[in-house]
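In: sequence first, predicted coordinates after that:
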Amino acid sequence: MSTEIFQANRIFISYAHADNNLFNDGVKSLVDDLKGFYSMKTGNELIAFFDRESIGWGDNWRTQIDGELENAAIFMPVITMQYFNRPACRDELNAFNQSAKRIGAQYLILPVVISGANSIRGDHAIPEVATIESLQYRNLEEAFLCGPGTQEWRRSVSGLADELIAVISRAEQEAPAIAHRDRSGGSPASEPDDDADFLSDMVELEEMLPYVTQETEQVLEDLKLWSEAVQDNTSRVTPGLSAQQMRIISISIAEKLKSPSQALQLSGVKLAETTERADALMNSIKDQIAQVQNPEQRESLTKLMTMSQESDNLREVVDSMAELLEGMTSVEVMSAALRKSLKPARIGITKIQDAVRIVDRWGQ
């Protein structure tokens, strides 16, 4: 049996299925061609996990993120503005980004924008859009418009392969420092200590959880105020109103809902960001608990899991608010002012739902 010279690297692809369908399997073509260019340029193999539901990611993918990043695995989100509407896509991006941030390896995230690059701004109201901008995405819009097999496509994918090779090379050189990085300070530890890392993570997580509770209480209060404002003001919309009357009333309602909607967005985004950071710590702890068997540490982790019970009330409230917001869609269609006023509330409720999903997982 002959020995192969080539080696393999791993890449995880995150995308919205609707985007792949729109471009006639364009995302799949991108991955296939990227693997081909990578192999031609390096002689090595690129193992791509194209779908979280397929073999490769696994059920416990969140707890394995730190280990994958420490071993130079790449996370590539393929972006259009539809990507941010998908809860699974947001979960994948936030989970990888938080873990990469903790170990100082955000360069291992290579976003590729295939449509909607003009909307990718650092000041965008959707937090994940701002995240993609901060990660210095690669713009492949023109390549996707030209399509697979064209000169523009081959040139763009070849350039992307060059970037991928450079990132993997950097990761392999920095792998020992990343694996033994001091989680709190971001610099390599002089004497790595797995037990110390575990306890440090536990302390950091325990310090963070009271903020989750406080921010949950603030979210509940903001949801209550927003709901009251919606119910008080939308009662003015009655059958038989003329178009002129509807326009005047909708502008008035929009002004009344502006402030509570913005407050809900701020508290929802803040809660989601805190739970995402806590989730990255939780996943790291779950990974470490397999090696650290101290009963007291296990007991602390068990107590931590009871936090999931606190999400029940929030889930019920936010589901009701989501239904209320959905019921206003027909009114929004007729009023640009109302759509603008309710946009922050939609973002806030979406981020609260993201936070609830995260906390729910802690008890599983």
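Out: Structure received.
In: what about the longest helix in the chain?
Out: In the chain, ranked by residue count with DSSP state H as the criterion, the top helix is helix 243-289.
In: what is the burial count for residue 256?
Out: Around residue 256 sit 17 other residues, with neighbours defined as other C-beta atoms under 10 Å. Placement of C-beta: from N, CA and C, glycine included.
In: quick check: it vs residue 340, distance?
Out: Separation of residue 256 from residue 340 (C-beta to C-beta, to the nearest Å): 13 Å.
In: repeat for residue 146
Out: Summarising the geometry, the distance separating residue 146 from residue 340, computed by C-beta to C-beta, is 35 Å.
In: closest to the centroid, which residue in this structure?
Out: Here the mean C-alpha position of the chain is nearest to the C-alpha of residue 94 (C-alpha atoms, centre = their mean), at a distance of 2.8 Å.
In: secondary structure element for that residue?
Out: Taking DSSP states H and E as the definition, one finds residue 94 inside helix 87-102.
In: any idea which helix or strand comes after that helix?
Out: Toward the C-terminal end, the helix or strand that comes next after helix 87-102 (DSSP H and E) is strand 112-113.
In: residue contacts, the nearest residue to residue 147 once chain neighbours are set aside?
Out: Among residues not flanking residue 147 along the chain, residue 153 sits closest, at 6.3 Å (C-beta to C-beta, 6 or more residues apart in numbering). Counting by C-beta atoms under 8 Å, 6 or more residues apart in numbering, residue 153 makes contact with 33, 143-144, 146-147.
In: for residue 47, state which of those is nearest.
Out: The shortest distance between residue 47 and any of the contacts of residue 153, using C-beta to C-beta, involves residue 33 and amounts to 15.3 Å.
In: pretty sure the closest one contacts residue 156?
Out: No. Using C-beta atoms under 8 Å, residue 33 is not in contact with residue 156, being 9.6 Å away.
In: which of those two has more residues huddled nearby?
Out: Shown here are residue 33 and residue 156; by other C-beta under 10 Å, residue 156 has more neighbours (22 against 19).
In: nearest residue to that one other than its sequence neighbours?
Out: Nearest residue to residue 156, sequence neighbours excluded (C-beta to C-beta, 6+ apart): residue 143, at 3.7 Å.
In: now the strands: where do they sit in the stretch 101-250 of the chain?
Out: Remark: strands assigned in the stretch 101-250 of the chain by DSSP state E, counting those that start in this stretch are 112-113, 138-139.
In: for residue 23, the count of nearby residues, please.
Out: Residues within reach of residue 23, counting by other C-beta under 10 Å, total 20.
In: run a quick neighbour tally on the closest residue to it other than its chain neighbours.
Out: Leaving aside its chain neighbours, residue 23 sits nearest to residue 144 (5.8 Å; criterion: C-beta to C-beta, 6+ apart). Neighbourhood size, residue 144 [other C-beta under 10 Å]: 24.
In: residues in contact with residue 144?
Out: When contacts are taken as C-beta under 8 Å, 6+ apart, residue 144 is in contact with 23, 26, 114-115, 153.
In: do you know how far it is from residue 11?
Out: The span separating residue 144 from residue 11 equals 19 Å under the rule C-beta to C-beta.
In: and for residue 281?
Out: When C-beta to C-beta is applied, the distance between residue 281 and residue 11 equals 25 Å.
In: just residue 218 next, same as before
Out: Taking C-beta to C-beta as the measure, residue 218 falls 39 Å from residue 11.
In: only alpha carbons, please: show stretch 243-258 as CSV.
Out: Written as CSV, here are the backbone C-alpha positions of stretch 243-258 (Å, rounded to 0.1, in the frame of the first residue of the first chain):
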residue,chain,number,x,y,z
ALA,A,243,-56.9,56.1,2.2
GLN,A,244,-56.3,59.6,3.5
GLN,A,245,-57.6,58.8,6.9
MET,A,246,-55.5,55.7,7.0
ARG,A,247,-52.3,57.6,6.0
ILE,A,248,-52.8,60.2,8.8
ILE,A,249,-53.6,57.6,11.4
SER,A,250,-50.6,55.3,10.4
ILE,A,251,-48.2,58.2,10.6
SER,A,252,-49.5,59.0,14.1
ILE,A,253,-49.2,55.4,15.2
ALA,A,254,-45.7,55.1,13.8
GLU,A,255,-44.6,58.1,15.9
LYS,A,256,-46.1,56.6,19.0
LEU,A,257,-44.5,53.2,18.4
LYS,A,258,-41.0,54.5,17.5
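In: quick one: residue 28 and residue 35 touch, right?
Out: No. In this structure, residue 28 is not within contact of residue 35 by C-beta under 8 Å, at 10.8 Å.
In: quick one: pLDDT of the nearest residue to residue 257 once chain neighbours are set aside?
Out: In space, and not counting its chain neighbours, residue 257 is closest to residue 341: 4.8 Å by C-beta to C-beta, 6+ apart. According to the per-residue confidence, residue 341 scores 92 in pLDDT.
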